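Visitor: what would the 3D arrangement of this be:
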Amino acid sequence: MKTRKQFIAAAASAGALLAAPAVAQTPPMPAPTATPAPKKPSDAASALAARMRAFDPKLTDAELATIADGIDGNLQIGRAINPKGTAIPNSVEPATSFKVIVS
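Guide: Below you'll find the predicted structure:
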């Protein structure tokens, strides 16, 4: 990985789930005649996924490929959310609200 930012994004995406923005409903597209070949995950995502074998040595190659695909997918979502790649200062954090329910 070239930068610390890429590494943090890849590591965070392993457990983070981002909600996709709502899209207006459109009629379904016709199915393509030929199935496109699956994209190979990036080297950085593959390396991070392979490193997860240290935590679970029983992971299969297929499971590691699925993890690497997920990492790449989350990085693509991050690029869609922040296309210019602007840095977020440390002082910016999400608003956290707590609700106490007394029964």
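
Visitor: now do the residue minimising distance to the centre of the chain, the pLDDT please.
Guide: Centroid-nearest residue in the chain, with Cα atoms, centre = their mean: Asn74, separated by 1.8 Å. Model confidence at Asn74, given as pLDDT, is 91.

Visitor: Val102 now?
Guide: Taking Val102 on its own, its pLDDT is 90.

Visitor: tell me, how many residues neighbour it?
Guide: By the criterion of other Cβ atoms under 10 Å, Val102 has 3 neighbours. C-beta: built from backbone N, CA, C; applies to glycine.

Visitor: could you pull up the contacting residues of it?
Guide: If you count contacts by Cβ atoms under 8 Å, 6 or more residues apart in numbering, Val102 has none.

Visitor: that one sits in which helix or strand?
Guide: Take DSSP states H and E as the rule and Val102 turns out to sit in neither a helix nor a strand.

Visitor: then Lys5?
Guide: helix 4-13.

Visitor: I'd like the average pLDDT over that helix.
Guide: Helix 4-13 carries an average pLDDT of 70.

Visitor: do you know how far the residue nearest to the centre of the chain is from Phe98?
Guide: 27 Å (Cβ to Cβ, to the nearest Å).

Visitor: show me what the helix holding Lys5 is packed up against.
Guide: With contacts taken as 3 or more Cβ pairs under 8 Å, 6 or more residues apart in numbering; DSSP states H and E, helix 4-13 sits against helix 43-51, helix 61-81.

Visitor: possible to save those helices as TSV with distance to Met29?
Guide: Below are the helices and strands packed on helix 4-13 laid out as TSV (distance: least, Cβ to Cβ, whole Å):
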stretch	distance to Met29
helix 43-51	28
helix 61-81	20
